[in-house]
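Novice: Let me see the structure of the following:
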Amino acid sequence: MNKENVNFSDWEKLDLRVAEIKNVEEIKGADKLYKLTLDVGELGERTICAGIKQYYSKDELIGKKIIYFSNLKPRILKGIESQGMLLAASTEGHERVVLISPEKDIEVGSRIG
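Specialist: Just a heads-up that it's a prediction; the model follows:
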C-alpha cells in the first residue's frame, strides 16, 4: 500500500525522541496491549499503550531504548490515556513486529530527524 507523499513541513511537525522503557504492565481485558512507562529525558515520564504483547515479553522490554512519537494526540485505550506511540516495523500480515531502536547508545530524550 503506497501512501501519498508528504511535504517536508509535515515531517517537521513530528517530534520523535529516544525513550527508555522503565515499566511494563498488563492491562486487564487486553490480550494485545501492554501499558508502558517511558523515560523521555527532558519531556519527563510518559505512558503509552502498545500492541506488542504477542511479540515481546515484559523482561525483553524493560530497559530497552525505543523511538517514541511524542506529540501524537493522546487517546484513551482500555481506560488508559496513551500519550504517544512507539515505532515498530511489521510484516504485512503482522506475523513479525520489531521495535525500532537506536543503533548505538544515546541519551533518552534525544531528537530524531
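Novice: Looks to me like Gly109 is in a strand.
Specialist: No. Using DSSP: H, G, I helix; E, B strand; the rest coil, the secondary structure at Gly109 is coil, not a strand.
Novice: show me what contacts it?
Specialist: Neighbouring residues of Gly109 by C-beta atoms under 8 Å, 6 or more residues apart in numbering: Arg17, Val18, Ala19, Val40, Gly41, Glu42, Leu43. Placement of C-beta: from N, CA and C, glycine included.
Novice: Would you state the strands of this structure in chain order?
Specialist: 16-26, 34-39, 45-50, 65-69, 75-77, 80-82, 85-86, 88-90, 97-99, 111-112 (DSSP state E).
Novice: hmm, back to that, quick check: ChimeraX command selecting the buried ones in the contacts of Gly109.
Specialist: The ChimeraX command for the buried members of the contacts of Gly109 (criterion: 16 or more other C-beta atoms under 10 Å) is given here:
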select :17,18,19,40,43
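Novice: so what pLDDT did Lys3 get?
Specialist: Listed pLDDT for Lys3 reads 85.
Novice: so what's it up against?
Specialist: Counted by C-beta under 8 Å, 6+ apart, Lys3 has zero contacts.
Novice: Let's check: the centremost residue of this protein is which one?
Specialist: Leu86 (1.3 Å; C-alpha atoms, centre = their mean).
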